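[1] build me a model:
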Amino acid sequence: MKHQPLDFYLKSTKQTPTTKAKIVVDVDIAKYLKWERNHYGFVEEEIIGDKVMMTFEVQDIENGFARWFLMFGDQAKILEPERLKYRIQELLALNLKNVNISM
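    This is a model prediction of the structure:
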């Protein structure tokens, strides 16, 4: 008997509302994201020249997705939503506050 992939069953049982997020990354970086992106609601990707636009349906945009994005954010751009951009700025400000260099 053949079964659907696990993602099929997990997606069909989710009732949590999601937020659409779109990011653009360099093709060279995109290959490193393939391992984890499904955990963050990955839906599709579109290759545009040397960039990859990825679309996600995110359950936890404020913490889960935002914190994951920070791992490669120096090589990526957030297209939407605006709220994700503000959350990344908040997290970066908190990080800078905690990286206190004393001389």
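
[2] for the longest helix belonging to the chain, buried residues please.
    In the chain, taking DSSP state H as the definition, the longest helix is helix 82-98. Buried residues in helix 82-98, counted by 16 or more other C-beta atoms under 10 Å: Leu84, Arg87, Ile88, Leu91. (C-beta placed from N, C-alpha, C; glycine too.)

[3] nearest spatial neighbour of the second one, chain-adjacent residues omitted?
    Once flanking residues are discounted, Arg87 sits nearest to Ala66: 4.6 Å by C-beta to C-beta, 6 or more residues apart in numbering.

[4] what's the one you found in contact with, if anything?
    Leu84, Arg87, Ile88, Leu91 (C-beta atoms under 8 Å, 6 or more residues apart in numbering).

[5] dump those into TSV; add distance to Glu44 and pLDDT as well.
    TSV is the format used below for those (distance: C-beta to C-beta, whole Å; pLDDT from 0 to 100):
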residue	distance to Glu44	pLDDT
Leu84	18	97
Arg87	23	97
Ile88	22	97
Leu91	26	96
